[in-house]
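1. Starting from these lines, generate the structure:
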Amino acid sequence: MAVGGPGEQAAGEAPDHRSVLVQVRASAADLPPLRVVAADLAARVDFDLDTVADLRLAVDEAASELVLVAAPDAVLTCVFSLDPGQMEVTLSVPARAGARLRQDTFGWRVLCTLVDEVRVIAQPESDPPLLGISLCKRRPDPTLTERP
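-> Residues are numbered from 1 along each chain as shown. Below you'll find the predicted structure:
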């Protein structure tokens with residue numbers, strides 16, 4: 001497992017933006033660190049406990065989907081991007097030729113309910129092809145109040 005932390009700020013990057021990179025073998029047995037990092041980072045950016053649990057489960061589900069399409073001996077890359085009020089997680093893996101992510105499964109529906117936005121990343125022209133999933137969870141705006 002490789003882990004990278006916040007480094008120097010990139011040009012044009014927001015001052016409060018932080019990124020963490022985690023890489024693990026694309027194997028179900030090697031996914032637990034991703035869940036731990038997702039939960040820890042979500043807690044550090046002040047998401048409530050339910051949201052922390054949702055993000056941990058969403059990262060696990062996305063990573064599990066990518067393991068199914070991974071090329072032999074592939075490394076799964078996960079980038080956690082933290083901004084004020086939101087967390088974005090981008091997972092990607094070199095995929096087997098012709099592999100695709102199924103979006104008609106129960107797991108995919110669960111994934112879509114756990115976060116605010118889910119996007120598929122596909123780069124079939126790369127060698128090997130790259131498949132990924134991007135997740136975004138936003139913290140509700142505390143200035144907005146519901147009326148009875």
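2. Could you pull up the residues touching the most centrally placed residue in the chain?
-> The chain has V89 as the residue nearest its centroid, 2.9 Å off, counting by C-alpha atoms, centre = their mean. By C-beta atoms under 8 Å, 6 or more residues apart in numbering, the contact set of V89 is 38, 55, 58-59, 62, 78-81, 134-136. To be clear about C-beta, it is placed using only N, CA and C from the backbone, and glycine gets the same treatment.
3. out of those, who's nearest Q23?
-> Nearest to Q23 out of the contacts of V89 is C78 (C-beta to C-beta; 7.2 Å).
4. Isn't that closest one up against L66?
-> No. Counting by C-beta atoms under 8 Å, C78 sits too far from L66 to count as a contact (9.4 Å).
5. which residues of this protein fall in helices?
-> Taking DSSP state H as the criterion, the chain carries its helices at 32-44, 49-69, 106-114.
6. how near is F80 to G98?
-> Distance of F80 to G98, given as C-beta to C-beta, to the nearest Å: 30 Å.
7. Leaving out the residues flanking it, which one is nearest to P72?
-> Counting by C-beta to C-beta, 6 or more residues apart in numbering, R96 is the residue found nearest to P72 once chain neighbours are left out, at 7.9 Å.
8. helices and strands of the protein: which one bottoms out on pLDDT?
-> strand 2-4 (a mean of 51; mean pLDDT, DSSP states H and E).
9. picking that back up, right, and the helices of the chain - which one's nearest P129?
-> Set against P129 and scored by C-beta to C-beta, those come closest in helix 49-69, at 9.1 Å.
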